[in-house]
Structures are given as structure tokens and as C-alpha cells.
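Visitor: predicted model, plus sequence, below.
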Amino acid sequence: MTCYHIGQSIQSLERKLDKLTEMMEAVRESDLVLWVYPVYTFSVPFQVMRWIELIVENNLQDAFSGKWMSQISTSRHFYDHTASRYLEEIGKDWGMRSIPGHLADMQDLLKPEGQVRFESYLEEIEWEMGVTKPEADVSAKQISLITDLLEGDESLKEMIEVYKKNTTAKIRVLNLNEISMKAGCLGCLNCAMSGECVIKDDFQVSLQSFVQDSDAIVYAGNVENHWFRSVWKKFDDRQFSNGHRMNIVGRPIGYLLAGAKESESNFLDVLTARAEVGHVYLCGIVSDQVGGNTTEQTETLAKKVDWAMVQHPERPVNFQGVGGMRVFRDLIYESRGFMREDHRFYRKQNLYDFPHKKRSTILQGYLIGWMMKIPAIRRRVMPNLKKTMIQPYDKILEQRRSKG
Ligand SMILES: Cc1cc2nc3c(=O)[nH]c(=O)nc-3n(C[C@H](O)[C@H](O)[C@H](O)COP(=O)(O)O)c2cc1C
């Protein structure tokens with residue numbers, strides 16, 4: 001692995017073009033380009049953006065063409081997803097193939113769950129690049145395929161067929177047009193107290209048996225008028241009866257879309273946000289309008305869902321999920337008097353992670369602030385601040401190295 005510190009060397013790269021061309025030689029010889037950066041103000045830091053400009057100004061993009069790319073960011077999850085999408089857009093302009101990034105919180109690596117997620121990410125990279133791609137044995141697994149397929153939806157039908165051919169898991173199909181859903185959500189809020197919908201039809205049992213009792217879920221739908229057809233909305237709105245309880249955490253999911261153009265960024269944003277808020281593992285979104293060969297993409301999705309059902313990979317949740325959860329956390333806490341089911345769930349799952357509960361972190365902050373007020377201490381601490389900050393991470397890395 002060759003490592004380039006763009007942040008530290010951007011000024012010399014500006015002055016010495018031969019350094020940049022030398023870097024491009026290494027890119028040409030590599031299989032994967034991995035961007036590693038802190039999120040700065042909704043995107044990548046200036047230094048990375050300037051480096052990208054230098055590549056474009058000097059017409060060096062061809063070095064990246066056909067390469068795999070992925071990214072590791074650290075942040076406090078404030079708009080980390082827009083930073084990641086920015087780089088994915090650059091990668092796409094340069095003809096690269098993108099693997100979902102690892103969008104970590106800056107302290108993740110210090111926690112066991114953060115380390116597990118990082119390991120998962122490395123495994124996902126290997127799987128995507130085909131380094132470790134054994135067929136997963138999924139014959140005992142159950143996939144729920146939820147669709148709005150109607151007579152004449154040829155493209156969606158074809159995608160579903162290709163999907164089915166590329167997995168050995170059992171597939172049960174729920175066609176939303178074939179179950180009785182008498183009405184959309186009435187907004188009556190009875191469910192907030194009881195946890196159940198007042199409308200008695202096929203909805204509740206379908207939700208239970210197809211969404212909750214499955215190893216993976218594939219949503220196969222037609223996109224028209226900038227969204228799924230309205231029957232999906234009926235099904236989705238009725239899920240309000242399940243409140244804000246994430247009950248399929250970690251479950252692999254995937255989308256097969258007929259008619260979703262790349263310009264449907266609002267709709268596609270909703271699909272990723274739902275995955276993040278629900279803490280599910282999004283294996284991919286295939287559209288017959290985006291990214292070339294639909295059959296190939298569908299095959300890859302089927303194989304990735306198979307892999308995820310067996311490996312149970314995990315990812316950190318990005319801004320869409322962290323932000324969404326904070327809104328729900330505050331809403332449920334202040335409405336706990338009548339949102340009883342949600343409140344019970346949030347308490348049981350320790351989801352009330354209010355800042356006032358992190359007493360030692362707050363105390364530490366006061367202590368640092370107080371010490372920094374003293375010039376003599378400040379003069380001693382500041383030059384070593386970065387070193388001090390990364391010390392706990394070094395310790396973790398050292399432990400990993402000694403483990404092998
Ligand atoms: C100029 C600046 C801008 C930042 N902007 C964001 C931001 O938009 N979103 C976020 O979550 N964190 C933001 N942060 C926090 C950093 O992303 C975070 O602390 C990161 O983990 C630092 O990584 P490093 O220790 O490798 O420098 C910002 C930090 C700085 C210094």
C-alpha cells in the first residue's frame with residue numbers, strides 16, 4: 001500500500017508538477033484508491049478539493065479510470081454523507097467504481113463496536129473487489145421480496161427473475177396489489193398508545209411475516225411521478241403503527257427499481273435515509289435507468305445480499321441516521337406520556353443518549369477549558385495537542401498489531 005498525505009503536501013504539489021505525475025504513476029499501478037479524510041464543513045477539507053482541482057487542471061484524470069475507489073472519513077456525523085457523495089461524484093466523473101465508504105465517528109475506533117464495523121468494512125471491500133468471493137450457502141435463508149408488480153411491468157419482472165436466478169435462498173413474494181389494505185393511515189394516533197393499527201385488514205400480518213420474519217428484504221418497485229407508486233405509500237404510512245421502533249436492525253436490504261432515473265435524487269435520498277434511520281444494511285440500489293448493465297447489477301445485488309445474510313456485516317450510521325434518531329429521541333421523550341410503545345422501546349434499547357447523561361465527558365471538557373485559561377499550561381499543552389489526541393488511537397493500533 002502506498003500512502004500519500006495530500007493535506008501535508010498540497011503546497012509542494014502546487015509547485016512541483018513532477019511530484020503529482022509521480023503520484024499518478026502509483027495510482028495507475030494500483031487496484032484501489034482509498035480516500036481517507038476528516039469531514040470539514042459538509043465536505044472534504046480544502047486541501048483534498050485543491051488536489052482534485054490540480055488533477056483536473058493538469059488533465060490527469062485518466063490515471064483513475066477503471067479503478068476501484070472507497071473512502072474512510074471521521075467526523076461527528078454532521079453531513080458526512082454529503083462529503084462522501086461529493087467524492088463518489090468525482091470518482092464517477094473519473095470513471096471509477098465506487099465501494100460504499102466507512103463514515104465513522106471520530107471516536108469509533110476506540111470502541112469495540114467501532115472496531116467490529118471497521119473490520120466489516122474491510123471485508124466488504126475485499127468482497128466487492130472479488131478478493132474473497134466464495135458463494136455463500138444461503139439455502140436455509142429466507143428473503144422477502146416486496147413488490148408492486150403488475151401485468152405489463154416487463155422491466156421489473158425481468159429484474160425479479162434475474163434476482164431469483166442468482167440466489168439459492170428461499171424467496172417469498174409479497175405483492176402489495178394482492179393484499180387487502182382498506183385505507184391509508186388515518187392519522188388517528190391510536191397506535192401510539194396500543195402499538196396496533198385500528199384498521200383491520202391484511203397489513204399487520206403482512207408486515208409481520210414479510211418484513212419482520214425474514215433474513216433479508218428486497219424491495220422491487222416501479223418509480224413513477226418521482227416516487228414509488230402510491231400503493232407503496234399506503235404500505236409505508238401504515239407502518240406508523242410500528243412507531244419509531246427499529247425492529248429490523250442490521251438486516252440486509254436491497255432495491256430493484258424500474259424507471260428511476262439518476263435525476264430522481266430526492267427519491268434516492270429517501271431510500272438511503274430510510275436505511276440509515278432503520279439501521280439496516282443497504283446492499284445496493286439497482287435501477288434499470290442507471291449504471292449500464294441492469295442484469296449484471298442485479299446479479300451482484302443478489303450475491304451481495306447472500307453474502308450479507310451469512311456474514312452479518314455492520315456499518316456506522318451516517319448523518320441521515322444519527323440526525324434522524326436525535327429528532328425522534330427528543331420527540332419521543334417529550335411525548336412519552338402517550339407515545340408509550342416507542343418510549344418503552346427507547347428505554348429498553350438505551351436510545352435516550354442525551355448529552356446530560358455523559359457526565360465524565362462534560363467534566364473532562366470543563367477541566368480542559370479551565371486548564372487552557374492558564375497561559376503557562378496552554379504553552380506546554382498546545383504544541384503537543386495533536387499528538388495527545390491521537391495517543392489513544394495509537395494504543396489501539398499497537399494492540400491490533402501485536403495480535404497480528
Ligand atoms: C474546519 C473543520 C470543519 C469541520 N466540519 C465538520 C463537519 O461539517 N461535520 C462534522 O461532523 N465534523 C466536522 N468537523 C470535525 C472533524 O470532522 C472531526 O473532528 C474529525 O474526526 C477530525 O479528524 P482528524 O482528527 O483526522 O483531523 C470539522 C472540523 C474542523 C477543524
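Guide: Structure's in. What do you need? Numbering: from 1, shown residues only.
Visitor: what sits against the closest residue to Arg245 other than its chain neighbours?
Guide: Distances taken as CB to CB, 6 or more residues apart in numbering place Phe345 nearest to Arg245, at 4.4 Å, with adjacent residues excluded. C-betas here are computed from N, CA, C, even on glycine. Residues near Phe345 by CB atoms under 8 Å, 6 or more residues apart in numbering: 243-245, 351.
Visitor: weed out the non-buried ones from the residues you listed.
Guide: 243-245, 351 (16 or more other CB atoms under 10 Å).
Visitor: so how many other residues sit close to the residue in the stretch 101-250 of the chain positioned nearest to the ligand?
Guide: Of all residues in the stretch 101-250 of the chain, the one sitting closest to the ligand is Met106 (3.1 Å; CB to the nearest ligand atom). The tally of other residues near Met106 (other CB atoms under 10 Å) stands at 15.
Visitor: how much space separates it from Glu14?
Guide: Distance of Met106 to Glu14, given as CB to CB, to the nearest Å: 28 Å.
Visitor: for the stretch 51-200 of the chain, which residues are neighbours of the ligand?
Guide: 74-80, 106 (CB under 6 Å from any ligand atom).
Visitor: got the phi and psi for Glu224?
Guide: Dihedral pair for Glu224: phi -140, psi 150, per degrees, to the nearest 10.
Visitor: quickly list what it is bridged to.
Guide: Judged by DSSP bridges, the bridge partners of Glu224 are Trp227.
Visitor: list of residues touching the worst-scoring helix or strand of the chain on mean pLDDT?
Guide: Least confident helix or strand, the chain: helix 190-194 with a mean of 84, by mean pLDDT, DSSP states H and E. Under the contact criterion CB under 8 Å, 6+ apart, helix 190-194 has outside partners 196-198, 240-243, 335, 338-342.
Visitor: let's see it at 6 Å
Guide: With CB atoms under 6 Å, 6 or more residues apart in numbering as the test, helix 190-194 has contacts from 197-198, 241, 338-340.
Visitor: stretch 219-229 now?
Guide: With contacts defined as CB under 6 Å, 6+ apart, stretch 219-229 is touched by 145-148, 153, 156, 160, 232, 255-260, 267.
Visitor: Lys387: which element?
Guide: Per DSSP states H and E, Lys387 falls inside helix 385-403.
Visitor: give me the contacts around that helix.
Guide: Applying CB under 6 Å, 6+ apart, the contact partners of helix 385-403 are 109-110.
Visitor: same question for stretch 63-76.
Guide: Residues outside stretch 63-76 that contact it (CB under 6 Å, 6+ apart): 24, 27-28, 32-39, 80, 87, 91, 94-99, 101-104, 106, 125, 129.
Visitor: just the buried residues from these, in ChimeraX please.
Guide: Here is the ChimeraX selection string for the buried members of the contacts of stretch 63-76, based on 16+ other CB under 10 Å:
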select :24,27,32,33,34,35,36,37,39,80,87,91,94,96,98,99,101,102,103,104,125
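Visitor: so Ile248: helix, strand or coil?
Guide: Secondary structure for Ile248, judged by DSSP: H, G, I helix; E, B strand; the rest coil, is coil.
Visitor: what is Ala104 paired to in the beta sheet?
Guide: Listed beta-bridge partners, Ala104: Thr74 (assigned using DSSP bridges).
Visitor: quick one: it and Asn318 touch, right?
Guide: No: under the criterion of CB atoms under 6 Å, Ala104 makes no contact with Asn318, lying 9.5 Å away.
Visitor: quick check, Gln71 in a strand?
Guide: Yes: Gln71 forms part of a strand when assessed by three-state DSSP.
Visitor: now it: closest residue in space, sequence neighbours ignored.
Guide: Per CB to CB, 6+ apart, closest to Gln71 is Gly101, 3.7 Å.
Visitor: report the contact partners of that neighbour.
Guide: The contact partners of Gly101, by CB under 6 Å, 6+ apart, come to 70-71, 84.
Visitor: and the residue in the stretch 251-400 of the chain that the ligand sits nearest to, what pLDDT?
Guide: Nearest residue of the stretch 251-400 of the chain to the ligand: Met389, at 6.6 Å (CB to the nearest ligand atom). Listed pLDDT for Met389 reads 88.
Visitor: helix, strand or coil for Ile253?
Guide: strand.
Visitor: I'd say it and Gly278 touch.
Guide: No: using CB under 6 Å, Ile253 is not in contact with Gly278; the gap is 8.4 Å.
Visitor: same drill for these two, tell me which one is more crowded.
Guide: Between Ile253 and Gly278, counted using other CB under 10 Å, the more crowded position is Ile253 (25 against 20).
Visitor: is it true that Leu34 lies in a strand?
Guide: Yes: the assignment for Leu34 by three-state DSSP puts it in a strand.
Visitor: check contacts around it.
Guide: Per CB under 6 Å, 6+ apart, neighbours of Leu34: Ser70.
Visitor: need the pLDDT of the nearest residue to Asn242 once chain neighbours are set aside.
Guide: Nearest residue to Asn242 in three dimensions, chain neighbours excluded: Leu207, at 7.2 Å (CB to CB, 6+ apart). pLDDT for Leu207: 91.
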